[in-house]
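> Requesting a structural model of the entry that follows:
(one chain, ligands or ions: 2)
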Amino acid sequence: MATSRVVPMKMTQMKAAQISKAGADFEIVEREIPTPDAGHVRIKVQACGVCHSDVLTKEGLWPGIQYPRVPGHEVAGIIDEVGPGVSAWKKGQRVGVGWHGGQDNTCRECRRGDFRNCQNLKVCGISYDGGYQQYMVAPVEALAAIPESLKDVDAAPLLCAGITTYNALRHSGALPGDLVAVQGIGGLGHLGIQFANKFGYKVAAVGRGPENAALATKLGASLYIDSQATNAAEELQKLGGAQVILATAPNSKAMSQLIDGLAPNGELMVIGAAFDPIEVMPIQLISGSKTIQGWAAGTPADSEDTMRFAELSGVRPMIETYPLERAAEAYARMMSGKAEFRVVLTL
Ligand SMILES: [Zn+2]
Ligand SMILES: [Zn+2]
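Numbers count the residues shown, from 1 in each chain. Ligands and ions are numbered 1, 2, ... in the order given. Sure, this is the predicted structure:
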């Protein structure tokens, strides 16, 4: 006798917010749920941050980017399926994917262990579809485990904005008790102030206008300098000069004006991505042996350090959430510069 079996209707479709060509608007589409290849996992996305660098996908500013493309490199979710050969990651595990979407393991930098600077670095949401969708596939090199107590919507921004500020500061050479200035109180800066405070620095927040003074103090700044009302570099010098200035707001002129606020051997650490030049006279750097350095995100291991530190210290992003269906609105809100401070899609 043949046994009859009820086959449940299989859900094979999902929703994604994609960009169909450079400069196009977001469109919400139905797609096949992807299957992970060898060395990959499928993630059921729970939250995805909307980062200013998503403009690279939206406007086609990344060389060689292919369309349609789903942006998103602040992904928090749950492993839903593992591909062949994956043993270190399990179904049901909470994971995140940030800017570092995988390395080739063969270039000169990778052979030296400097995966962050891989010459063929893959970027989630640019090299392959990112987190503006219900399910995504990622290579295991891109995965960071999310600590138990960290909510998905809080973990997501830590995977780009968080890791960038945390990693730049912890590699800056500033020691506990040093004066560290954080330029800009926005998506990066509001996290930078918190990390700098928890690292034991004396934190000077530098903003334009008086409106963020109270917030900066609440986030852990010892003092607030309004660069529109005073000469911020002089104010820093009155305090002995800053060992590190973490420049987060993409404003090259504001960065240039702060260089004279550095202490001897001080460093301007640049993470705010602007496209016009920082102006500095060689003599400004020579006297006092000052340096200017840039910093980009970090590896998934750095992401794990960032999230563990956030869990330990209570550092959290301030967020505004939007459902995936309103991705276009969420992106516009981020681009307006008015969001306080990170926009996160929820799924
Ligand atoms: Zn980003
Ligand atoms: Zn490489």
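> C-alpha from now on. contacts and neighbour counts both.
Will do.
> By residue count, what's the longest strand in this protein?
strand 40-50 (DSSP state E).
> model confidence over that strand, on average?
Averaged across strand 40-50, the pLDDT comes to 98.
> Repeat that for stretch 250-262.
97.
> Outside of it itself, list whatever touches it.
With contact meaning C-alpha atoms under 8 Å, 6 or more residues apart in numbering, stretch 250-262 is reached by 183, 232-237, 241-245, 247, 268, 272-274, 276-280, 284, 290.
> List buried residues within those residues.
By the neighbour-count criterion of 16 or more other C-alpha atoms under 10 Å, the contacts of stretch 250-262 include these buried positions: 183, 232-236, 241-245, 247, 268, 272-273, 290.
> Backbone torsions only: list them for the closest residue to residue 313 other than its chain neighbours.
Once its chain neighbours are removed from consideration, residue 313 has its nearest residue in residue 198; the separation is 6.8 Å (C-alpha to C-alpha, 6 or more residues apart in numbering). Listed backbone geometry of residue 198 is phi -70, psi -20, with angles given as degrees, to the nearest 10.
> Residue 198 contacts residue 312, correct?
No. Residue 198 sits out of contact with residue 312 when judged by C-alpha atoms under 8 Å, with a separation of 10.0 Å.
> Show the low-confidence segments of the protein, by residue range.
Within the chain, the stretches falling below the threshold (pLDDT under 70) are 1-10.
> show me where it has helices.
Remark: helices assigned in the chain by DSSP state H are 55-58, 108-111, 152-157, 163-170, 189-198, 213-219, 232-238, 252-258, 282-286, 300-313, 327-336.
> Just put those in TSV and tack on distance to residue 20.
Output for the helices of the chain, formatted as TSV (distance: least, C-alpha to C-alpha, whole Å):
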stretch	distance to residue 20
helix 55-58	9
helix 108-111	33
helix 152-157	24
helix 163-170	29
helix 189-198	32
helix 213-219	39
helix 232-238	44
helix 252-258	33
helix 282-286	46
helix 300-313	29
helix 327-336	13
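> Which of the ones you listed sits closest to residue 79?
When the helices of the chain are compared for distance to residue 79 using C-alpha to C-alpha, the nearest one is helix 152-157, at 13.2 Å.
> Pull the distance from the closest one to the chain's centre.
10 Å (C-alpha atoms, centre = their mean, to the nearest Å).
> and if you look at stretch 169-182?
The chain centre lies 20 Å from the centre of stretch 169-182; the measure is C-alpha atoms, centre = their mean.
> ok, the buried ones among the contacts of stretch 250-262 vs residue 12, which is closest?
Within these, the smallest distance to residue 12 is 39.1 Å, found for residue 273 (C-alpha to C-alpha).
> list the contacts for the closest one?
Contact partners of residue 273, counting by C-alpha under 8 Å, 6+ apart, are 249, 250.
> what's the distance between it and residue 171?
When distance is defined by C-alpha to C-alpha, to the nearest Å, residue 273 is 18 Å away from residue 171.
> With residue 152 instead?
Shown here: residue 152 relative to residue 171, a distance of 26 Å by C-alpha to C-alpha.
> what does residue 343 give?
Computed as C-alpha to C-alpha, the residue 343 to residue 171 distance reads 27 Å.
> neighbour count winner among the two?
Under the neighbour definition other C-alpha atoms under 10 Å, residue 343 and residue 171 were set side by side, and residue 343 has more, 29 against 10.
> Return the residues in contact with the closest residue in space to that one that isn't next to it in sequence.
Using C-alpha to C-alpha, 6+ apart and skipping the chain neighbours, the partner closest in space to residue 343 is residue 320 (4.9 Å). Residue 320 makes contact with 339, 340, 341, 342, 343, 344, according to C-alpha under 8 Å, 6+ apart.
> How many residues are close by the third one?
Put plainly, it is residue 341. Neighbouring residues of residue 341 were enumerated by other C-alpha under 10 Å; the total is 20.
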